[in-house]
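Novice: whatever this is, show me its structure:
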Amino acid sequence: MHDAVPRLTVPDPIAAADLTMSDGAIIRLRRHGNPGGPRIALSHGNGLAIDAYLPFWTLLRERYDVVLFDQRNHGENPFHGAAGHNWARIDRDNVEIFDGIARAFGTKLVIGAFHSLSAVAAAMAMLKFGPRWSRLVLFDPPIFPRAGHRLTEMEDFHMGDMATLARRRPERYPSPEAFAAQLASRPAFRRWVPGAHDLFARATLRPDPAGNGWVLRCPRELEAQIFEHNVDPTIWPRLGNPPVPISLIGADTGLEGQGAPALLTAALAEDQNLPYAMIPETTHFLQIERPRETLRAMEKFLWG
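Specialist: You can find the predicted model right below:
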């Protein structure tokens, strides 16, 4: 007899605030944890939602002042449309969100702990607009290789492949439970902690306003466009001398069938001499697969 899979429930925040970006998009902040602790802001990867990372960030709540936010057109944010759904606008959002956190919850140093899409956006924003976050911990960031790097062809293919896969995603599901069952049936997601498939489905779907089942919070075409346009080779070489400390935490490069972001993260760390840790037996979803090990790696970088 199998044990019942736990239902993971996102706790109510201790405070929340809606930020209005300079183009009118709304970004919802949620504050959890210990207001007297070090402040750490977290966000997510393309097509995902920060609530789906609960197995990781819930471990921070006792010690840290945790601020969560979704990228535009993702998660808890109202849909704003396709016009601003591009890297240049998302980079600008990163700066405006930083400023908004201080307005909403008071000024203090803020560590940025970002995965995938949000990690790339934070790195780009730092290089474009100057440092804001006191330091950055970037989880499996798919930063496009510098010109001439051996992984360039691989990442070109990977970005195109991910865009194709995004466009093939179903636009709607009869229920979050149906989506969760689909996720749980796929070998790529078998390492997730119990309950994470259901949590992921609830975090990334919303009821169809027309009453026809459930739809993706981030439309698949917008997800695909972000993959297609993540091709800037100038970020990589500029991270070797960053204005704030950067640490990289990546998935297991030795895992059979491992995705490109893990290989890129390890190569970026070696090429630009950045602090790096690899979490064994994990994929791109390392924070959802081995949250405690990932947290230990992050805190080792932060506090030694």
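
Novice: and residue 11, helix, strand or coil?
Specialist: When classified by DSSP: H, G, I helix; E, B strand; the rest coil, residue 11 comes out as coil.

Novice: contacts only, for it.
Specialist: 32, 58, 61 (CB atoms under 8 Å, 6 or more residues apart in numbering). Just so you know, the C-beta spots here come from the backbone N, C-alpha and C atoms, and that holds for glycine as well.

Novice: do the same with residue 30
Specialist: 13, 15-16, 67-69, 76.

Novice: buried ones in stretch 203-216?
Specialist: Across stretch 203-216, burial judged by 16 or more other CB atoms under 10 Å covers 203-205, 214-216.

Novice: now for those, which pair is the farthest apart?
Specialist: Greatest spatial distance among the buried residues of stretch 203-216 (CB to CB): 203 and 215, at 13.6 Å.

Novice: now the spatially most central residue of the chain, nearest residue through space, not along the chain?
Specialist: Centroid-nearest residue in the chain, with CA atoms, centre = their mean: residue 44, separated by 1.8 Å. The shortest distance from residue 44 to any residue other than its chain neighbours is 4.7 Å, reached at residue 50 (CB to CB, 6 or more residues apart in numbering).

Novice: what does residue 137 give?
Specialist: residue 113 (4.6 Å).

Novice: go through the contacts of residue 11 and give me the one with the most neighbours.
Specialist: residue 32 (23 neighbours; other CB atoms under 10 Å).

Novice: adjacent strands (with direction) for whatever helix or strand that residue lives in?
Specialist: Assigned by DSSP states H and E, residue 32 belongs to strand 26-33. According to DSSP bridges, strand 26-33 forms sheet pairs with strand 15-20 (antiparallel), strand 65-69 (antiparallel).

Novice: pLDDT averaged over the first one - what is it?
Specialist: It refers to strand 15-20. If you average the pLDDT over strand 15-20, you get 98.

Novice: need the CA coordinates for it. CSV is fine.
Specialist: As requested, the backbone C-alpha atoms of strand 15-20 are provided in CSV (Å, rounded to 0.1, in the frame of the first residue of the first chain):
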residue,chain,number,x,y,z
ALA,A,15,2.8,41.1,4.0
ALA,A,16,2.2,41.7,0.3
ALA,A,17,2.4,44.6,-2.2
ASP,A,18,1.5,45.2,-5.8
LEU,A,19,4.2,47.1,-7.7
THR,A,20,3.4,48.9,-10.9
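
Novice: and residue 51, its phi and psi?
Specialist: phi -60, psi -30 (degrees, to the nearest 10).

Novice: so where is the stretch 1-150 of the chain shaky, pLDDT-wise?
Specialist: Where the stretch 1-150 of the chain drops to pLDDT under 70, the residues are 1-3.

Novice: just the strands in it please.
Specialist: Here the stretch 1-150 of the chain has its strands, by DSSP state E, counting those that start in this stretch, at 15-20, 26-33, 39-43, 65-69, 110-115, 135-139.

Novice: confirm that residue 215 sits in a helix.
Specialist: No - with three-state DSSP as the criterion, residue 215 is located in strand rather than a helix.

Novice: ok, it touching residue 208?
Specialist: Yes - in this structure, residue 215 is within contact of residue 208 by CB atoms under 8 Å, at 4.8 Å.
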